[in-house]
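1. make a model of this:
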Amino acid sequence: MVRKKNALNTPSFDSTYELEPTVLGVVIVNDGQASSTGKAILSTGASFFLSMHGRGTASSDFYDVFGLGNQEKRAFFAPMRLSLYLSLREYLQSRFKVSTYAKGIAFAMPIDSFMGVAAYRLVNDVRYLKTSDGKKEKPKMEKSPYVAIWAVVNDGFTDIVMEAAKRAGARGGTILTAHGTGNKEIERFFGIAITPEKEIVMIIVKEEIKSPVMEAIYRDAGISTKGQGIVFAMPIADALGLSGEEGQ
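-> Model prediction:
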């Protein structure tokens with residue numbers, strides 16, 4: 001977002017400096033590809049990434065058809081400049097084409113803003129900000145017909161989540177293990193205890209079935225059930241490996 005003028009009638013920071021769009025790059029691959037994928041992310045110039053173990057939930061025939069190997073997965077989350085993600089995406093695309101094992105998905109989620117110039121510089125590995133002349137064209141993201149649905153549920157309820165999602169048209173998802181910490185005041189107000197053991201189910205679906213999938217998950221494992229699930233969706237862009245291979 002670029003603001004033309006502020007209350008003092010001076011140019012905004014966004015319009016004064018060359019600030020490239022930043023995204024959260026997400027890559028999910030077979031666990032055996034974790035090391036090479038991590039190296040590839042850093043080689044693009046990304047400052048850092050977070051890596052999580054996960055497991056896929058698609059049926060065995062789904063994995064056989066798409067050559068995805070076993071269901072043990074590794075998920076990478078890397079904030080980076082859009083141009084770096086596009087370079088990573090290009091590398092992954094070439095890698096996916098030549099190997100029957102090195103399969104996975106990759107997509108970007110736009111980062112709207114940062115609190116502080118230092119944070120922007122750290123995440124984007126920008127040592128010096130350049131003054132903008134307004135002429136340099138910024139890289140653009142391709143709009144994707146997919147969305148990422150996230151369901152955060154109590155430990156042991158992921159099967160219920162996926163059964164509901166599949167009934168609504170989803171193919172599969174990736175399960176990540178997490179640890180929840182609840183605000184005691186909020187817990188007392190809503191009468192719901194935030195248990196420590198949580199699991200996150202990430203499901204990639206086409207926009208057209210987003211609502212039915214979310215409704216099905218919430219109905220079977222939502223906040224008012226024993227699963228105490230919170231379900232939300234986020235738009236994604238520049239998706240790779242999703243030509244019918246949703247979820248993984």
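
2. lowest-pLDDT helix or strand in this structure?
-> helix 60-66 (a mean of 39; mean pLDDT, DSSP states H and E).

3. got the contact list for whatever helix or strand comes next after that helix?
-> Once the chain leaves helix 60-66, the next helix or strand it forms, by DSSP states H and E, is strand 72-81. Contacts with strand 72-81, where a contact means CB atoms under 8 Å, 6 or more residues apart in numbering, come from 20-31, 33-34, 37-38, 41, 44-56, 88, 104, 111, 123-125, 174, 176, 202, 248. (Each C-beta comes from the backbone N, C-alpha and C, glycine too.)

4. out of the residues you listed, which are inside strands?
-> Taking DSSP state E as the definition of strands, the contacts of strand 72-81 contribute 22-30, 50-56, 104, 111, 174, 176, 202.

5. quick check on these: which are buried?
-> Neighbour-count burial (16 or more other CB atoms under 10 Å) is assigned, among those, to 22-30, 54, 56, 104, 111, 174, 176, 202.

6. which single one of those residues is nearest to residue 228?
-> Closest approach to residue 228 among these (CB to CB): residue 176, at 16.9 Å.

7. residues near residue 88, how many?
-> 26 (other CB atoms under 10 Å).

8. now residue 113
-> Neighbour tally, residue 113, other CB under 10 Å: 9.

9. now residue 24: closest residue in space, sequence neighbours ignored.
-> residue 109 (4.6 Å; CB to CB, 6 or more residues apart in numbering).

10. quick one: the one you found and residue 146 touch, right?
-> No - contact between residue 109 and residue 146 fails when scored by CB atoms under 8 Å: they sit 11.2 Å apart.
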